[in-house]
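Participant: Coordinates only, no sequence provided:
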């Protein structure tokens, strides 16, 4: 009888000891799920904030570009003269503003260039 009692009591005691362990596992599983959900919500909030920041930054750049265009449109335009003034055009009479090359040197240089290019036109 003692053997039958031992066979029945020992598994019952072991089963009762396993109940708190199973409950603890369920609690830790539930807690890890809660933490995972909190992390996901924090990530979603971070992405939403970054999207808002990027939208505001793009809006500021757009407004700055529009302000620049408005400023350029409001600036007085410089008058472009219809004909260049004579003061800006150098005259060849009596002045050495333009470089001069003697004809013989120019012809020799032209011949060297044509020879180097293989007489291509």
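Facilitator: Great, that's in hand. Quantities reported herein were computed from a predicted structural model and do not represent experimental measurements.
Participant: next SSE after the worst-scoring helix or strand of the chain on mean pLDDT?
Facilitator: For the chain, counting by mean pLDDT, DSSP states H and E, helix 2-74 ranks last in confidence among helices and strands (a mean of 83). Following helix 2-74 in sequence order, the next helix or strand is helix 103-116 (DSSP states H and E).
Participant: and the gap between residue 100 and residue 110?
Facilitator: 16 Å (C-beta to C-beta, to the nearest Å). In this view, the C-beta of every residue, glycine as well, is placed from N, C-alpha and C.
Participant: Looking at those two now, which is surrounded by more residues?
Facilitator: A count of neighbours by other C-beta atoms under 10 Å puts residue 110 above the other of residue 100 and residue 110, at 10 against 7.
Participant: Quick check, pLDDT for that one.
Facilitator: Here the pLDDT value assigned to residue 110 is 89.
Participant: could you measure it against residue 43, distance?
Facilitator: 74 Å.
Participant: Repeat that for residue 67.
Facilitator: For residue 67 relative to residue 43 (C-beta to C-beta), the value is 36 Å.
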